[in-house]
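Visitor: Sharing a model prediction with you, sequence too.
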Amino acid sequence: GIQASMPQLGEPKKDYDAVRKAIENLLDAEDYDDGSFGPVLVRLAWHASGTYDAASGTGGSNGATMRWAPESEHAANAGLAVARKLLEPVKAAYPWISYADLWTLAGAVAIEAMGGPTIPWRPGRADKASGNDCPPDNRLPDAAQGAGHVRDVFGRMGFDDREMVALVGAHTLGRCHTDRSGYSGPWTNAPTTFSNLYFQELLNNKWRKKRWDGPLQYEDKSGQLMMLPADMALVWDKKFKKYVDLYAKDEEAFFKDFAAAFGKLMELGVPFPAAA
Ligand code: DDH
């Protein structure tokens, strides 16, 4: 109600637009990857949220438990210290925002700044004070596995097939790093622009096993673009492929579904006050 939204005496005004601006100002990177920290910030928001288990109510973005070991050391989170450190000056300048709100907001702001849809986001996450609340390891998806695994992991969070395919469309952004995941390369030729290109590449490019010493991944003829086994699962599984077809043809449908699913992802397990 009105009462709750009035700033109290002595309480700092919570200017989320100022935080958004501060995040936007951090995105451009001269000497990092493809010139933007946007993709790694999106990955931070996703890995902070994607540990959620609907049955037990554990995990999820609330708590920002990835600040602590063991979660910070989980193999899936390799490289995300880059994103967490990047946001420290924003946290220092706006100490009233929780890390959990800051990380998720940074993901939303990055997607929007890279040309993506407006992501529904609201504050309300609190930070937990120690690593005792870290979720167990292996809640995030394993790139070496197929459709059954993708369904298990995202089903555990409460997503349906359509939402799963939309969410993985985030791989239109960024790249794999051999020193983080062991995989190598970007999914698209425009890894700092949010678009439906990932689905177009997945469908229309020709993918073959990459011959190298690293883990099994797929490459196109140019050898420049890549797909993970878990990406290929989206075209090999008929029920998933239906949505790959849709999103490759209809970017508007992708944007709409992605925004809703990513917004939902970032709210899993967050105890927002009940609507008045
Ligand atoms: Fe992902 N992802 N992801 N991903 N992801 C990687 C990078 C990025 C899987 C594996 C990997 C989502 C789903 C899956 C982003 C966003 C999202 C990397 C490479 C691997 C491996 C990491 C590295 O070496 O730096 C698997 C498996 C799945 C799955 O669903 C089965 C989802 C749902 C999202 C999301 O944001 C909603 C982004 C962005 C990146 C690029 C990061 C970067 O630094 O660039």
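Guide: In hand now; what should we look at? Computed from a predicted model, the values in this text were never measured in an experiment.
Visitor: which residues touch M164?
Guide: 150-151, 154, 240 (CB atoms under 8 Å, 6 or more residues apart in numbering). Every residue, glycine included, has its C-beta placed from N, CA and C.
Visitor: excluding its backbone neighbours, what's nearest whatever residue of the stretch 51-200 of the chain ends up closest to the ligand?
Guide: Proximity of the stretch 51-200 of the chain to the ligand (CB to the nearest ligand atom) peaks at G174, 2.3 Å away. Nearest non-adjacent residue to G174, counting by CB to CB, 6 or more residues apart in numbering: P39, 2.8 Å away.
Visitor: Go ahead and confirm the one you found touches P191.
Guide: Yes - using CB atoms under 8 Å, P39 makes contact with P191 at a distance of 6.5 Å.
Visitor: between these two, what contacts are shared?
Guide: 33, 173-175.
Visitor: now these as CSV including secondary structure?
Guide: Putting those into CSV (DSSP: H, G, I helix; E, B strand; the rest coil) gives the following:
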residue, secondary structure
D33, coil
L173, coil
G174, coil
R175, strand
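Visitor: mind putting the residues you listed in CSV, pLDDT, neighbour count and distance to V90 included?
Guide: Formatted as CSV, those follow (pLDDT from 0 to 100; neighbours: other CB atoms under 10 Å; distance: CB to CB, whole Å):
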residue, pLDDT, neighbour count, distance to V90
D33, 97, 17, 20
L173, 98, 29, 20
G174, 98, 23, 20
R175, 98, 20, 24
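Visitor: May I have stretch 252-271 exported as PDB, CA atoms only?
Guide: C-alpha atoms of stretch 252-271 as PDB (Å, rounded to 0.1, in the frame of the first residue of the first chain):
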ATOM      1  CA  GLU A 252       8.700 -11.500 -31.000                       C
ATOM      2  CA  ALA A 253       7.300 -14.800 -29.600                       C
ATOM      3  CA  PHE A 254      10.800 -15.600 -28.200                       C
ATOM      4  CA  PHE A 255      11.200 -12.200 -26.600                       C
ATOM      5  CA  LYS A 256       7.800 -12.400 -25.000                       C
ATOM      6  CA  ASP A 257       8.300 -15.900 -23.700                       C
ATOM      7  CA  PHE A 258      11.900 -15.300 -22.600                       C
ATOM      8  CA  ALA A 259      11.000 -12.200 -20.600                       C
ATOM      9  CA  ALA A 260       8.300 -14.000 -18.700                       C
ATOM     10  CA  ALA A 261      10.400 -17.100 -18.100                       C
ATOM     11  CA  PHE A 262      13.500 -15.300 -17.100                       C
ATOM     12  CA  GLY A 263      11.500 -13.000 -14.700                       C
ATOM     13  CA  LYS A 264       9.900 -16.200 -13.200                       C
ATOM     14  CA  LEU A 265      13.400 -17.800 -12.900                       C
ATOM     15  CA  MET A 266      14.700 -14.900 -10.900                       C
ATOM     16  CA  GLU A 267      11.700 -15.000  -8.500                       C
ATOM     17  CA  LEU A 268      11.800 -18.700  -7.700                       C
ATOM     18  CA  GLY A 269      11.900 -19.200  -3.900                       C
ATOM     19  CA  VAL A 270      11.800 -15.400  -3.200                       C
ATOM     20  CA  PRO A 271       9.400 -14.700  -0.300                       C
END
